[in-house]
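J.: build me a structure from this.
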Amino acid sequence: PRTRVRAFRKGVDKRASVQTTKRGGLGGKKMKVVLSAALCVLVLGAQVQAFYLPGVAPQDYARDDTVNLKVNKLSSTRTQLPYDYYSLPYCRPDPIVKSAENLGEVLRGDRIENSLYHIEIRLDEQCKVVCKIDALTLFQAKVFKTKIDEEYRVNMILDNLPVGMVKIREENGLPVKTYERGFPVGFKAAIEEGGEQKHFLHNHLRFTILYHKDIETDLARIVGFEVEPFSVKHEYEAPWDPVKPSLETCHPGRLQYVTHGLAPQMVQEGEEVIFSYDVLFKMSNIRWASRWDTYLLMMDDQIHWFSIINSLMIVLFLSGMVALIMLRTLHRDISKYNQLETADEAQEETGWKLVHGDVFRPPARFGALTAYVGTGVQIIGMTVITLVFAVLGFLSPSNRGGLMTAMLLLFALCGLFSGHASARLFKMFQGTDWKSNTLDVAFLFPSIVFVVFFFLNLLIWGQKSSGAVPFGTLFALFFLWFGISVPLVFIGSYFGHKKPAVEDPVRTNKIPRQIPEQAWYMQPFFTILVGGILPFGAVFIELFFILTSIWLHQFYYLFGFLAIVFVILLVTCAEITVVMCYFQLCSEDYHWWWRSFLTSGASSVYLFTYSLFYFLTKLDITKPVSGILYFGYMFIISLGFFLLTGTMGFYACFMFVRTIYSAVKID
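T.: Residues are numbered from 1 along each chain as shown. Next up is the predicted model:
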């Protein structure tokens, strides 16, 4: 058998010798702990081992240890509808055991289950038969053909690593290895040139498992999981032996191995299908801590980095100019107003000081505004905390579903800040029914999201997709909403209402001042649309990569740059809103409350418009249900973006108005 293994290795893949390195990773390193105190710094020589996050700690394997290969969902960028692996007539274990999944995995449509693929560590195997289908039924052939037409890919997991097909791209003239997640169910091709295209099934898999070996202990860690799919019409020696079948198209004793030159396995009614696989182990110098690097290599990364830096530089330059102009102009205005001593001079004043008696007049429908701002505070809090955990590495792709789970939980917990912020505003506007306002905050955004989500979930149920959320998960979502978020909103609102109301720096007149006729370029519709351009410009390049990771099933892990872009977004929202608010007040229009929220919030209109452009140019979605799913989820994202950016603009304008009217002398 060992001779056959060596022959198989030589026949399939010419291997380069790899130098063996000592085992790496955080767990094997020793480090000195430096403890800093307020008055002194003590350097201790104690040696400790670093910790690992639960569920992502390294697993050491001895030779011939059995490792479980698990199957995950079938996914397609054309339909965006995931399906259970065993929804296709693949070889089934008895029983099928589902792995425990977190909330994020369920919402993503992951369905992780056991399989009949058995792998022993560092033991190469070839021509292993999984099972045989004597004859495809009409239904089985139909579902295979449908999934091939819709370009579905099979996802598998080994030691928490997703399977990937190797793709080589050039970078600075050097080849760089990247992974394409999963492998296709099959393909379509014409047997004869110009003939009708037929469906062919990938029924033979060649797994290449990269491992890093510790010389001292001879233990190994899996650092790579690659696959090469084949379509082969297997032939065998009759009669078929289910215990120890002998294949003629794949026989290691005769040095006969599966290649792409063999006759492919056609998909049609009555066809006999044999599923088989090979296993190759390759020693690698990749350390366990770096095993995700190949998965996280993004395509066109040079363009990505250049575009991000270019965008940030432009936005920072514009923000600096805006800040400089505003500081100089305001300083001149305040100095001029404070030098006006006589009543006649004061009556002749123009500009933003003239509306000091109306600028803090409560706006129309201020209850809805406080609900929007409160929800925006909740979303900002969730985003900031999520980014902090993501930058620190707690939400890496190795922790599947962790990002989605963290966002949902943090949104519920940030209800405390939401209730407090809305109650403070509501009391400042002299609102009386604070409990009703608190209900608006607790139910406004979540209710809209739930209605859209439930409608989309019904469509997914109708397609019998694994992306449909089961009732148990719906119950968990309801618990997060009614059991955690709503009580925390009321607690925050209670304490916010107990605090004294925010006092205005100037008195409000009893009779509203008449607003003069505004120029066309100062009309609300025009200024709001113009104000939303700059915040969108700060994020649209990064938005492209985020949409690609969501809808084209790629990994996104540039959370450091995302955090920088998020900060730039907040600064841009604040500055553009302050500038537009200043121009509005100089035009003697004191209705700034709603417009400050809508000016920066209008960037969500551009976001949704860009999602339409992305749908038409980058995606190949043809099914109506898939299109409805795309725009439904993009509506939810755009609505959240509207509340986030609008809230940031509102608070910036609020602080700006209070600051400038506190700085001038008003009798």
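J.: can you name every helix or strand that the helix or strand Y606 falls within contacts?
T.: Using DSSP states H and E, Y606 sits in helix 603-617. When contacts are defined as 3 or more CB pairs under 8 Å, 6 or more residues apart in numbering; DSSP states H and E, helix 603-617 packs onto helix 533-551, helix 624-662. (C-beta placed from N, C-alpha, C; glycine too.)
J.: any idea which of the ones you listed has the lowest pLDDT on average?
T.: Among the helices and strands packed on helix 603-617, helix 533-551 has the lowest mean pLDDT, at a mean of 86.
J.: how far does it sit from the chain's center?
T.: The chain centre lies 12 Å from the centre of helix 533-551; the measure is CA atoms, centre = their mean, to the nearest Å.
J.: I511 is nearest to which of the helices and strands packed on helix 603-617?
T.: I511 lies closest to helix 624-662 among the helices and strands packed on helix 603-617, at 19.0 Å (CB to CB).
J.: compute the inter-axis angle for the closest one and helix 533-551.
T.: Here the directions of helix 624-662 and helix 533-551 differ by 150 degrees (axes from the mean of the first three to the mean of the last three CA atoms, to 10 degrees).
J.: just checking, what packs against helix 624-662?
T.: So helix 624-662, by 3+ CB pairs under 8 Å, 6+ apart, packs with helix 301-338, helix 366-391, helix 434-462, helix 559-586, helix 593-601, helix 603-617.
J.: tell me which residues of the third one come out buried.
T.: It stands for helix 434-462. 434, 437-446, 449-450, 453, 456-457, 459-460 (16 or more other CB atoms under 10 Å).
J.: what residues of the helix holding Y606 count as buried?
T.: For helix 603-617, by 16+ other CB under 10 Å, it's 603-608, 610-611, 614-615.
J.: which stretches of the protein have low pLDDT?
T.: 1-56, 298-308, 310-311, 314, 318, 325, 336-351, 665-667 (pLDDT under 70).
J.: returning to what we had before: of all the helices and strands packed on helix 624-662, which one is nearest P252?
T.: Per CB to CB, nearest to P252 of the helices and strands packed on helix 624-662: helix 301-338, 40.8 Å.
J.: returning to what we had before: a markdown table for the helices and strands packed on helix 624-662, including distance to S290?
T.: Formatted as a markdown table, the helices and strands packed on helix 624-662 follow (distance: least, CB to CB, whole Å):
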| stretch | distance to S290 |
| --- | --- |
| helix 301-338 | 17 |
| helix 366-391 | 19 |
| helix 434-462 | 37 |
| helix 559-586 | 17 |
| helix 593-601 | 40 |
| helix 603-617 | 32 |
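J.: F207 is nearest to which of these?
T.: helix 301-338 (27.8 Å).
J.: can I assume Y590 is in contact with R361?
T.: Yes - using CB atoms under 8 Å, Y590 makes contact with R361 at a distance of 6.8 Å.
J.: higher neighbour count, those two?
T.: Y590 (22 against 17; other CB atoms under 10 Å).
J.: which residues touch that one?
T.: Residues in contact with Y590 (CB atoms under 8 Å, 6 or more residues apart in numbering) are 355, 358-359, 361, 513, 515.
J.: part of a strand, is it?
T.: No - judged by DSSP: H, G, I helix; E, B strand; the rest coil, Y590 forms no part of a strand; its state is coil.
J.: are we agreed that Q80 is in a helix?
T.: No - Q80 sits outside any helix when classified using three-state DSSP, being coil.
J.: so who does it touch?
T.: Counting by CB under 8 Å, 6+ apart, Q80 touches 551, 621, 626, 629-630.
J.: now with 6 Å, please.
T.: Shown in contact with Q80 (CB atoms under 6 Å, 6 or more residues apart in numbering): 626, 629.
J.: please report how far the closest residue to G270 other than its chain neighbours lies from I148.
T.: Leaving aside its chain neighbours, G270 sits nearest to A135 (5.0 Å; criterion: CB to CB, 6 or more residues apart in numbering). Distance, A135 to I148, by CB to CB, to the nearest Å: 19 Å.
J.: tell me which of these two has more neighbours.
T.: I148 (19 against 11).
J.: run through the residues that contact the closest residue to the more buried one other than its chain neighbours.
T.: Take I148 and drop its neighbours on the chain: the residue closest to it by CB to CB, 6+ apart is G186, 4.2 Å away. Contacts for G186 (CB under 6 Å, 6+ apart) come out as 148, 200-202.
J.: quick one: G186 and P264, what's the gap?
T.: For G186, the distance to P264 (CB to CB) stands at 9 Å.
J.: and what of M522?
T.: 68 Å.
J.: picking that back up, where do the contact lists of G186 and P264 overlap?
T.: With CB under 6 Å, 6+ apart, G186 and P264 have common neighbours F200.
J.: okay, the strand or helix carrying G496 in PDB with CA atoms only?
T.: Assessed by DSSP H and E, G496 sits inside helix 486-498. Provided in PDB are the C-alpha atoms of helix 486-498 (Å, rounded to 0.1, in the frame of the first residue of the first chain):
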ATOM      1  CA  VAL A 486     -37.800  47.100  24.800                       C
ATOM      2  CA  PRO A 487     -37.100  47.000  28.600                       C
ATOM      3  CA  LEU A 488     -33.800  48.700  28.200                       C
ATOM      4  CA  VAL A 489     -35.400  51.400  26.100                       C
ATOM      5  CA  PHE A 490     -37.900  52.100  28.900                       C
ATOM      6  CA  ILE A 491     -35.100  52.000  31.500                       C
ATOM      7  CA  GLY A 492     -33.000  54.500  29.600                       C
ATOM      8  CA  SER A 493     -36.100  56.700  28.900                       C
ATOM      9  CA  TYR A 494     -37.100  56.700  32.500                       C
ATOM     10  CA  PHE A 495     -33.700  58.000  33.700                       C
ATOM     11  CA  GLY A 496     -33.500  60.400  30.800                       C
ATOM     12  CA  HIS A 497     -36.900  61.900  31.700                       C
ATOM     13  CA  LYS A 498     -35.900  62.200  35.400                       C
END
